[in-house]
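Q: Below are the sequence and a predicted model for it; my questions follow.
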Amino acid sequence: MPNWLMLILRWGGLALTVVMAATLIVLRYAGPAPEADATPEPTAAPLTLYWVLLVVGLIAAAVGFYVRRPKS
């Protein structure tokens with residue numbers, strides 16, 4: 001496989017994973033606190049999409065690091 005593709009998989013997947021993990025942390029812990037007597041409002045953030053992108057980033061980074069490792 002070309003070197004540029006492995007670099008994109010490795011570092012792009014790692015960057016995507018870090019960004020999505022930070023987004024999920026911010027949405028989970030730094031979001032507005034719900035009021036005690038109010039019904040929870042559905043969030044406008046597509047949390048399922050963020051989880052999917054996190055997993056895709058992990059897989060891309062794993063493939064990039066695995067394929068480019070030195071062969072013994």
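A: Sure, I can see it.

Q: elements contacting the helix or strand bottoming out on mean pLDDT in the chain?
A: Ranked by mean pLDDT, DSSP states H and E, the helix or strand of the chain with the weakest confidence is helix 3-7, at a mean of 89. The contact analysis (3 or more Cβ pairs under 8 Å, 6 or more residues apart in numbering; DSSP states H and E) places helix 3-7 against helix 47-67. (Each C-beta comes from the backbone N, C-alpha and C, glycine too.)

Q: Pull out the buried residues from the helix it packs on.
A: For helix 47-67, burial by neighbour count (16 or more other Cβ atoms under 10 Å) applies to Tyr50, Leu53, Leu54, Gly57, Leu58, Ala60, Ala61, Val63, Gly64.

Q: ok, now stretch 9-22?
A: Buried, per 16+ other Cβ under 10 Å, within stretch 9-22: Leu9, Arg10, Gly13, Leu14, Leu16, Thr17, Met20.

Q: a markdown table for those residues, including pLDDT, distance to Ala30 and secondary structure?
A: As requested, the buried residues of stretch 9-22 are exported to a markdown table (pLDDT from 0 to 100; distance: Cβ to Cβ, whole Å; DSSP: H, G, I helix; E, B strand; the rest coil):
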| residue | pLDDT | distance to Ala30 | secondary structure |
| --- | --- | --- | --- |
| Leu9 | 92 | 30 | helix |
| Arg10 | 93 | 29 | helix |
| Gly13 | 95 | 25 | helix |
| Leu14 | 95 | 23 | helix |
| Leu16 | 96 | 20 | helix |
| Thr17 | 96 | 19 | helix |
| Met20 | 95 | 15 | helix |
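
Q: As CSV, those with distance to Pro2 would be great.
A: Listed next are the buried residues of stretch 9-22 as CSV, based on distance: Cβ to Cβ, whole Å:
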residue, distance to Pro2
Leu9, 11
Arg10, 13
Gly13, 16
Leu14, 19
Leu16, 20
Thr17, 22
Met20, 26
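
Q: Let me know the closest of those residues to Tyr29.
A: Met20 (15.0 Å; Cβ to Cβ).

Q: Name all residues that make contact with the closest residue to the closest one other than its chain neighbours.
A: Distances taken as Cβ to Cβ, 6 or more residues apart in numbering put Leu54 closest to Met20, at 4.0 Å, once the chain neighbours are dropped. Contact analysis of Leu54 by Cβ atoms under 8 Å, 6 or more residues apart in numbering lists Leu16, Thr17, Met20, Ala21, Leu24.
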